[in-house]
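K.L.:
sequence plus predicted model, see below.
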Amino acid sequence: MQLELNEQQKMIQKMVREFAEKEVAPIAAELDEKEEYPIKTLEKMSKLGLLGVIIPQEYGGAGLDTISYEIVVEEISRKCASTGVVTSVHNSLAAWPIMKYGTEEQKKKYLPILAKGEKIGAFAATEPNAGSDLGAMATTAVLKGDKYIINGDKTFITSGPVAGIIIIFAVTDKEAGAKGISAFIVESDMKGYKVGSIFEKLGINASQTSELIFENMEVPKENLLGAEGDGFKIALKTLDGGRIGIAAQAVGIAQAALDESIEYSKQRQQFGRPIAKFQAIQWMIADMATSIEAARLLVLNAAYKKDQGSGRYSKEAAMAKLFASETAMDAVLKAVQIHGGYGYTKEYTVERLFRDAKITEIYEGTSEVQRMVIAGSLLR
Amino acid sequence: MNIIVCAKQVVEISEMKIDSSTNKPILSGLDKKVNDIDKNAIEEAIKIKDKTGGKITVIMVGEPDVKERMKELLAMGADEGILVNSPGDLDYSQLTTLLSGAIKKIGDYSIILCGEASTDMFSGQVGPRLAGMLDISQITYAQKIDATKDNVTGERNLGDTVVTLESSYPVLITVTKEINEPRLPSLMQILASASKPILEWSVDDLDVTLEQKVLTTDLQGISMDRKNEIYKDDSDDSIQKLVDNLAKDGVLR
């Protein structure tokens, strides 16, 4: 039993931390304010291999393990949660299902593009009336000749307005319920693909989230991912891995809240001494740090289980995502409280962290869905 | 063109605290890292290699934990590392004797690059001493280097003047922080660094005699007492009073 990063993982952590410090942190507040997508940061990240962390080397990626991937998402999110979620979705929701379920042709065609960051990846399962209940999806795909004709609306799609390669889900057999859903690799320049409204959000404002509209969208038959009817399984398995990424993002946000709180409480003077000297503040800091440590260990455990290759890590991923996102929310509440009135202003980073944290309890499965997954695996 | 870079492991000096009872710096528990300016030296070596071809060898002297730092430099782009195990605390003369012994053992080189100084002691002695011991020409405080096949031109930043020097090879150059922006290694470079060779040499492997010439007897922090004067508001009166007091203390002139 070894609870320490190996030498290579430590080097990766150091590199990403330095990168985030230098290139991500200085512009995070501005991108949030302007709701500007971090395109220049992503270009720099692609040069360092950070958009192809888990993609095998034969397809142009770094071919690293899930633990290294966790490190990358956590360190980027620590400075900018928006850039963190774009990284997570690109790697685990767009590249991973192609790695796992794609044909050799699909892997050769799409993975190098994603690894180099030439196109940004997205994942489109959610619909206006099919969120937690994915089986209720209404988007349809009908095979006509050598093309699927796809019709429907997707919503809350991270990177929707900018994505070039999107994993989408549609019903190919209405009678078969969840087993009638299929997955497709879609390119944004395919005929009938449209970006709908871009949402104005509470947080993660530098990551753009939109609707996607498919109007008689023509998708070549060879872009079916897996077999017809495999879509629901692919979506759930992909989200298991995605949740490790979101959990890592949540740990990054929580860690940032702690970093800011420690720094502020040491310099802020009240009643003639730094507020860090007061037990009320010390207890908040101690509780934050303890929960963050626990959350990080849960995330690393889920990543470790995924790397073992047995394919059984749904429960661990759900636990990590549930605990890390609730830890993030708790940490930002405390961080703003420690900062007092200043923490409520845009002058201080914790205001942004406060807005960014909430989504981690919602996307890629709400906390309630995570509890369903955990209970489901215990009460089988 | 073969390039040798001398690098040093230092403690994170910005985290260092002074023990108020003994006035000594507390060095234990501090993070260790590659001296920042040595990364500028590596970056410059990579740029020269990109232009002229050749091989970059990094030499570090220290305890075995220096290996971790060496790997960072290999990931950045150096080709091989030589770790000279330190027999204990060394003065500058002993340190440069070890370095020169290692460099003589390597033998074939055109340029030796060093940072202008290290962020911990900042003596700036190693580069010039080494050039002296090896009896080669030197360009110190270089803020710009232009290396060609036959010679190198370097701009020395002397604060108020810039002197441009030209030298044939071999030459030792110490660089300043301004010379470049050191790159971060990519994930692929980090992976590749694992298979780059690191040779470990001890004093016995080198043809050197170490003779201590300087004995460090004490290390003291500089204490600065604060006046703790508080100006209650930012009215013109308060500001005037602050300016007057600063002027009286000789801070403002």
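P.N.:
Here it is on my side, so go on. Predicted model only: the values in this text are computed from it and were never measured.

K.L.:
list the buried residues of the helix or strand encompassing B:Val5.
P.N.:
Element membership of B:Val5 [criterion: DSSP states H and E] is strand B:2-7. The neighbour-count check on strand B:2-7 (16 or more other C-beta atoms under 10 Å in any protein chain shown) flags B:2-7 as buried. Glycine gets a C-beta too; all of them are placed from N, C-alpha and C.

K.L.:
please, where are all the helices along the stretch 1-150 of chain B?
P.N.:
Applying DSSP state H, counting those that start in this stretch to the stretch 1-150 of chain B gives helices spanning B:36-52, B:66-76, B:92-106, B:126-134.

K.L.:
returning to what we had before: each with direction, which strands does the strand holding B:Val5 pair with?
P.N.:
With DSSP bridges as the test, strand B:2-7 is paired with strand B:55-62 (parallel), strand B:111-115 (parallel).

K.L.:
most tightly packed of these?
P.N.:
Of all these, strand B:111-115 has the most neighbours on average by mean count of other C-beta atoms under 10 Å in any protein chain shown, namely a mean of 28.

K.L.:
could you check the angle that strand makes with helix B:126-134?
P.N.:
150 degrees (axes from the mean of the first three to the mean of the last three C-alpha atoms, to 10 degrees).

K.L.:
strand B:111-115 vs helix B:36-52, what angle?
P.N.:
Using the same axes, to 10 degrees: strand B:111-115 against helix B:36-52 is 150 degrees.

K.L.:
next, the angle from strand B:111-115 to helix B:92-106.
P.N.:
Interaxial angle, strand B:111-115 versus helix B:92-106 (the same axes, to 10 degrees): 150 degrees.

K.L.:
so what touches strand B:111-115?
P.N.:
Strand B:111-115 is touched from outside by B:1, B:3-8, B:35-38, B:40-42, B:44-45, B:48, B:103, B:126-127, B:130-131, B:134, B:136, B:147, B:152, B:169-175, with contacts defined as C-beta atoms under 8 Å, 6 or more residues apart in numbering or on different chains.

K.L.:
coming back round to it: CA atoms of the strand holding B:Val5 as PDB?
P.N.:
Taking only C-alpha atoms (Å, rounded to 0.1, in the frame of the first residue of the first chain), the coordinates of strand B:2-7 have been written out as PDB:
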ATOM      1  CA  ASN B   2      28.900  19.900 -27.000                       C
ATOM      2  CA  ILE B   3      27.600  22.100 -24.200                       C
ATOM      3  CA  ILE B   4      28.000  21.600 -20.500                       C
ATOM      4  CA  VAL B   5      25.600  23.200 -18.100                       C
ATOM      5  CA  CYS B   6      26.400  23.500 -14.400                       C
ATOM      6  CA  ALA B   7      23.300  23.500 -12.200                       C
END
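
K.L.:
how about the strands in the stretch 151-300 of chain A?
P.N.:
A:165-171, A:181-187, A:193-198, A:209-220, A:224-225, A:269-270, A:273-274 (DSSP state E, counting those that start in this stretch).

K.L.:
one step back: would you format the helices of the stretch 1-150 of chain B as TSV with mean neighbour count included?
P.N.:
Shown next, in TSV, are those (neighbours: other C-beta atoms under 10 Å in any protein chain shown):
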stretch	mean neighbour count
helix B:36-52	21
helix B:66-76	22
helix B:92-106	20
helix B:126-134	20
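
K.L.:
tell me which of these lies nearest to chain A.
P.N.:
Closest to chain A of those is helix B:66-76 (C-beta to the nearest C-beta; 6.5 Å).
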